[in-house]
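In: Mind folding the following:
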Amino acid sequence: MIISAATPFTLLGQNLSLLPQKALYWEQQKALIVADMHFGKVGHFRKAGIAVPRDMEQSDLATLSDLIHEYKPEKLLFLGDLFHSDMNNDWDWFILWRSQFPGLQIILIRGNHDIIADSHYQNLNIELHNELLIGPFLMLHHPLSDTGLQNASGYVFCGHIHPGVSLSGRGRQSITLPCFAFGSEQAILPSFGKFTGKVAIRSQKTDRIFAVLKDKVLVID
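Out: I've put the predicted structure just below:
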């Protein structure tokens with residue numbers, strides 16, 4: 001059961017909730033949006049002989065299920081890198097998870113790691129797009145350059161870079177936390193998967209940065 005608090009954020013007249021589970025809920029569309037789940041990455045490493053706890057990805061699916069039960073979305077959007085690299089046994093867990101939500105519309109915006117055959121997704125009734133405009137928002141995987149943003153058909157939601165924000169404290173302590181980064185024309189979502197890293201991003205003065213803690217999302221001034 002989810003006991004953490006969401007942080008409300010209004011953008012272009014749309015009501016968004018930034019969730020400490022590193023997901024975003026869009027009220028008007030009843031849509032749950034996540035980026036960079038990288039499901040199958042554990043199986044990919046284990047297949048290569050690298051010891052990684054198997055329950056890490058099942059925990060990601062459990063978190064996603066909790067969010068679906070809590071917010072009851074009509075659609076779930078993955079902003080790329082849903083399944084990490086080649087097919088492996090983790091796909092069977094994903095098939096089982098999908099069977100629990102047969103009426104949920106699932107949309108995948110292809111990412112650079114989404115390389116398995118389209119038929120695997122289509123067999124699970126998952127829509128595939130390279131990009132998708134929904135209302136005022138353009139769903140992508142890769143962030144756009146400044147030049148690309150000038151020609152974009154909407155405000156961009158994307159992932160790919162696993163953004164983080166570095167915070168410093170007394171005694172020279174520092175920590176890098178996952179974050180949501182909202183610029184004037186583009187928002188970069190944190191990576192949803194637990195088995196992913198994060199990279200501190202260089203933000204502009206006009207950006208709104210929201211750091212993700214265990215049970216809340218904080219505005220960084």
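In: hey, which strand is longest across the protein?
Out: strand 174-182 (DSSP state E).
In: what's next to that strand, contact-wise?
Out: The contact list for strand 174-182 (CB atoms under 8 Å, 6 or more residues apart in numbering) reads 9, 11, 18, 22, 24, 162-169, 187-191, 198, 200-201, 203, 207-213, 217, 220. (C-beta placed from N, C-alpha, C; glycine too.)
In: By mean pLDDT, which helix or strand of this structure comes out lowest?
Out: helix 41-47 (a mean of 47; mean pLDDT, DSSP states H and E).
In: What average pLDDT does the next helix or strand after the longest strand of the chain get?
Out: Sequence-wise, the next helix or strand downstream of strand 174-182 (DSSP states H and E) is strand 186-188. Mean per-residue pLDDT for strand 186-188: 97.
In: Can you give the distance of strand 186-188 from its chain's centre?
Out: 12 Å (CA atoms, centre = their mean, to the nearest Å).
In: helices or strands next to it in the packing?
Out: Strand 186-188 sits against strand 155-158, strand 174-182, with contacts defined as 3 or more CB pairs under 8 Å, 6 or more residues apart in numbering; DSSP states H and E.
In: Neighbouring strands of the very next helix or strand once past the first one in the sheet, and parallel or not?
Out: Stepping forward along the backbone from strand 155-158, the first helix or strand reached (DSSP H and E) is strand 163-168. For strand 163-168, the paired strands and their directions (DSSP bridges) are strand 174-182 (antiparallel), strand 199-200 (parallel).
In: Worst mean pLDDT among the ones you listed?
Out: strand 199-200 (a mean of 57).
In: Just name the most buried of the helices and strands packed on strand 186-188.
Out: strand 155-158 (a mean of 22; mean count of other CB atoms under 10 Å).
In: In contact with the residue nearest to residue 213 when sequence neighbours are not counted, which residues?
Out: The shortest distance from residue 213 to any non-neighbouring residue, by CB to CB, 6 or more residues apart in numbering, is to residue 20 (6.3 Å). By CB under 8 Å, 6+ apart, the contact set of residue 20 is 4-6, 212-217.
In: Sounds good, over and out.
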